[in-house]
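Asker: return a 3D structure for these sequence lines:
(2 chains)
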Amino acid sequence: MNAYIMTDGNNRLEEHQTIAVRTKYKSDHLFETSKSKAIENLLSSIKKPSLTTKYGMVGILSKMRETFISNCEKSFIQKIINAGHRLDGRGYNESRKLNIAFGSEYGSCFVSLGDTKVLAQVSCEVVQPKQIRPNEGILYINVEISPMAAPHFETNRQSDLNVYLNRLIEKCYKDSKCIDLESLCIVVEEKVWSLRVDIKILNHDGNLIEAASIATLTSLAHFKRPDVTRNGDKIVIHTLAEKDPIPTVLYHYPVCLTFAIFGEILLTDPSFIEESVCMCTAEEGNSGGGLLVVGVNQYKELCLLDLNGAAIDSPNIVHKAIISATERGKTVVEYIKKLIITDDNNRQKRVKINFADIITNNHIQSLARKDLSICLKNYNVNDVKTEDVEEMEDEEVVKEISKYDVVKSHPHTAEVKLKTGTSAWIEISSESDEG
Amino acid sequence: MKIEPEKLKHHNLKPMKCELNYLSKSDGSSILSQGNTVVLVSVNGPLEIKSAYQSMEKATLEVLFSNKGGKPSVADRFKENVIRQTCESAILGCLFPRTGINITIQELENYGGLVACAVNCTCLALLNSGVAMRHVVAAVTCAVDDVGNLVLDPTHEQIQSSQALMYFVFESSEKNMVTGFTEGKFSEDTYLEALELCRSASDLVFKFYREIVSKYCSVIG
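Answerer: Down below sits the predicted model:
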């Protein structure tokens, strides 16, 4: 793994400390002897990684691996992005649909950003505070990527992505001091609340960072801890039925937003393939690719910046990304706040809220792909219509333009059902009007 | 011991809701709610695994149970074991020697009968992934309340006040018991009665499977 992380040039290694630390994790034997010497040796031996070395590595690996992006996919994606399109028909600054559902407990939420799905749960317990901070509570963040997210993640093993994601979320929420940790103190030097945020990645379809950070923020803002009263030396923790629980105090609401860099172009909310293509180009040493993570809060203040690849040496891109991030960050935070208020009102009215509500019948399909995710902007049904009709000899033109309907003619034949999803189906009728 | 149809009619399972193909990256996935308990399962496989885990005779099952929050516990490993052994009997593993089938279970809500819901959801995910199976399995929970009466598919409150809890898993072809485990104290007669009660109730679960699968199979897309 370490071979192609470190082949991007000496200056990149120095500037991107997080990556260097991560590589050290994986290959202690390399760094043990002499760190700088080992890097020098490696760089001189492999100036630029060729594709053969990559595929050679795949051969040795015993476990199912992530599918590599082929050259033609790579060049196609870059070509259409330069021409002003994206594979799923979005604009450069357009995000996928954000959906947040709450569970029955306080502090549990389910975030889906397009097909990327993340579950977050906050739990609390009373612990002894740290010696250096006797009057502060503890915030612990744990990100888990199981094989559920994608088959190439291994069970019970921390991947590089896992460590990176965990650290990034920690930086965004712990180091930006958005939570009032002092309010979590019960008795100085003896008892404080420890909040634990568990983030489970359920489906990896690109932009995990943004989805995980929205999930963390929503669950923290939604969470309420039980009330505590002090009775002399005794401490009584009240159940939810006895006393109303207390919400967590958040000074500000930071949220991480990801941008994919393609030359001078910035893509908001990159999908899985866009992310992999731009990371590939960054790893190959071509300048002009890379991911940029910007953490902003609702006051349009910058909380976190994670530079990768091309972002390091082009302040223009970073500046552009920050401007676009502040706008989107504000709308995301406002949306989260609004949802929490409506959820709180519903709970007061004793409406049953449960994750069972996310099960719907909107997307009944027998294949794994949900909706048609690829759509071409310049494609117009009217343009292709004439060709289509000629090809389908038996099926004739229908009354409505651009709508064809497959109607079942025999009891056991298949039929297309119209869904309420985003993509509209072209309906083709097998009933012939004109013979 | 036979349960009269009238008695069975009286008993009802909690409402079930299910969605297949919930996750786009997995080979098969399903999300199932039984009452207020919700579980999400993804199935990947057959795929290549480490040679240490490979078996010459059949596919190796890897089951991971992930709780909602907090540290992983021994109870989670126990659930993994129950589900792995149940699925091993159902999957035709001899068709895929030296490969692995990966099952990941994510708890979303736990209001009683979590293991039963997880087994049923796993079965639906396996059906969705297209792994060859000998038979399907259905899990049913039964509680013995403080007076000694049997409660089929108990709710959260009923479980809290019960003195014993029994889980049974049945297969579809002969309706034989595949897995069974219990918590608490009960008499032998109660156990046998509960077994028959759950056996007849498992029909409702199989009927639900049939409905879901036929609903998804009538659609192409």
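Asker: helices of chain B, residue ranges please.
Answerer: Ranges of helices in chain B, per DSSP state H, are B:5-10, B:74-90, B:114-129, B:156-160, B:188-217.
Asker: anything in the helix or strand encompassing A:Asn346 near chain B?
Answerer: Element membership of A:Asn346 [criterion: DSSP states H and E] is helix A:315-348. No: applying C-beta under 8 Å from any C-beta of the partner chain, one finds helix A:315-348 separated from chain B by no less than 15.1 Å. Where C-beta positions appear, they are placed from N, C-alpha and C, glycine not excepted.
Asker: where does the stretch 1-150 of chain A dip in pLDDT?
Answerer: Residue ranges of the stretch 1-150 of chain A with pLDDT under 70: A:1-65.
Asker: hmm, 90 instead?
Answerer: A:1-71, A:73-75, A:78, A:84-91, A:114-115 (pLDDT under 90).
Asker: okay, A:Thr386: pLDDT?
Answerer: pLDDT recorded at A:Thr386 is 45.
Asker: B:Leu197 and chain A, how far apart?
Answerer: 25 Å (C-beta to the nearest C-beta, to the nearest Å).
Asker: about what we covered before: any idea which of the helices of chain B is most buried?
Answerer: Of all these, helix B:114-129 carries the top mean neighbour count, a mean of 26, counting by mean count of other C-beta atoms under 10 Å in any protein chain shown.
Asker: who does the residue lying closest to A:Ile81 once chain neighbours are set aside form a beta bridge with?
Answerer: Spatial nearest neighbour of A:Ile81, excluding adjacent residues (C-beta to C-beta, 6 or more residues apart in numbering or on different chains): A:Phe262 at 4.9 Å. Beta-bridge pairing of A:Phe262 under DSSP bridges involves A:Ile265, A:Gly289.
Asker: if I look at A:Phe262, how far off is chain B?
Answerer: Taking C-beta to the nearest C-beta, one finds A:Phe262 at 24 Å from chain B.
Asker: and for A:Lys174?
Answerer: The gap separating A:Lys174 from chain B is 18 Å, by C-beta to the nearest C-beta.
Asker: does that residue touch A:Leu139 like I think?
Answerer: Yes: between A:Lys174 and A:Leu139 a contact is recorded at 5.5 Å, counting by C-beta atoms under 8 Å.
Asker: neighbour-wise, which of those two wins?
Answerer: A:Leu139 (20 against 16; other C-beta atoms under 10 Å in any protein chain shown).
Asker: so how many other residues sit close to A:Ser183?
Answerer: Neighbourhood size, A:Ser183 [other C-beta under 10 Å]: 13.
Asker: could you report the neighbour count for the nearest residue to it once chain neighbours are set aside?
Answerer: Nearest non-adjacent residue to A:Ser183, counting by C-beta to C-beta, 6+ apart: A:Val249, 5.0 Å away. Counted with other C-beta under 10 Å, the neighbours of A:Val249 add up to 12.
Asker: who's the closest residue to B:Thr182 other than its chain neighbours bridged to?
Answerer: Counting by C-beta to C-beta, 6+ apart, the nearest residue to B:Thr182 once its immediate chain neighbours are dropped is B:Met166, at 4.6 Å. Residues in a beta bridge with B:Met166, per DSSP bridges, are B:Cys142, B:Thr182.
Asker: which ones are touching B:Met166?
Answerer: Contact partners of B:Met166, counting by C-beta atoms under 8 Å, 6 or more residues apart in numbering or on different chains, are B:141-144, B:180-183, B:186, B:191, B:194, B:198.
Asker: if we can go back for a sec, check contacts around the residue nearest to A:Ile81.
Answerer: Listed by C-beta under 8 Å, 6+ apart, the contact set of A:Phe262 reads A:78, A:81-82, A:278, A:288-289.
Asker: gap between A:Ser271 and A:Asp115?
Answerer: 8 Å (C-beta to C-beta, to the nearest Å).
Asker: of the two, who's got more company?
Answerer: With neighbours defined as other C-beta under 10 Å, A:Ser271 and A:Asp115 compare such that A:Ser271 has more, 24 against 20.
Asker: skipping its backbone neighbours, what lies nearest that one in space?
Answerer: Spatially, and ignoring its direct neighbours in sequence, A:Ser271 is nearest to A:Gly206 (4.2 Å; C-beta to C-beta, 6+ apart).
Asker: so that neighbour lies in a strand, does it not?
Answerer: No: counting by DSSP: H, G, I helix; E, B strand; the rest coil, A:Gly206 is not part of a strand but coil.
Asker: so it sits against A:Lys117, correct?
Answerer: No: counting by C-beta under 8 Å, A:Gly206 sits too far from A:Lys117 to count as a contact (11.7 Å).
Asker: quick check: the gap between A:Leu257 and A:Ile273.
Answerer: Distance, A:Leu257 to A:Ile273, by C-beta to C-beta: 19 Å.
Asker: which residues touch A:Arg328?
Answerer: For A:Arg328, the contact set (C-beta under 8 Å, 6+ apart) comprises A:93, A:95, A:257, A:268.
Asker: and B:Gly130, by the same measure?
Answerer: Counting by C-beta under 8 Å, 6+ apart, B:Gly130 has contacts B:27-28.
Asker: distance check, it against B:Leu20.
Answerer: Taken as C-beta to C-beta, the span from B:Gly130 to B:Leu20 is 11 Å.
Asker: just give the number of residues close to the residue of the stretch 201-350 of chain A found nearest chain B.
Answerer: Nearest residue of the stretch 201-350 of chain A to chain B (C-beta to the nearest C-beta) works out as A:Asn203 at 4.4 Å. Residues within reach of A:Asn203, counting by other C-beta under 10 Å, total 25.
Asker: that one against A:Met148, yeah?
Answerer: Yes: here A:Asn203 lies in contact with A:Met148, judged by C-beta under 8 Å, at a distance of 7.4 Å.
Asker: pull up the overlap in contacts between these two.
Answerer: Counting by C-beta under 8 Å, 6+ apart, the common neighbours of A:Asn203 and A:Met148 are B:23, B:26.
Asker: hey, what's the residue nearest to B:Glu109 when sequence neighbours are not counted bridged with?
Answerer: Of all residues not flanking B:Glu109 in the chain, B:Val38 sits nearest, at 4.2 Å (C-beta to C-beta, 6+ apart). Counting by DSSP bridges, B:Val38 forms beta bridges with B:Ser33, B:Glu109.
Asker: B:Val38 and A:Asp357 touch, don't they?
Answerer: No: contact criterion C-beta under 8 Å: B:Val38 and A:Asp357 do not qualify, at 9.3 Å.
Asker: quick one, which of the two is more surrounded?
Answerer: Taking neighbours as other C-beta under 10 Å, B:Val38 and A:Asp357 compare with B:Val38 leading, 29 against 15.
Asker: contacting residues for the more buried one?
Answerer: B:Val38 neighbours (C-beta under 8 Å, 6+ apart): A:354-356, A:359, B:31-32, B:108-109, B:117.
Asker: A:Asn156: which of these is nearest?
Answerer: Distance to A:Asn156 across these (C-beta to C-beta) is lowest for B:Leu108, with 20.8 Å.
Asker: tell me how far that closest one lies from B:Gln163.
Answerer: Per C-beta to C-beta, B:Leu108 is found 28 Å from B:Gln163.
Asker: kindly report the same for A:Thr116.
Answerer: 45 Å.
Asker: what are the ranges of the helices in chain A?
Answerer: Using DSSP H, helices in chain A cover A:2-5, A:10-15, A:17-26, A:28-33, A:35-45, A:51-60, A:71-82, A:160-170, A:208-222, A:272-283, A:315-348, A:381-391.
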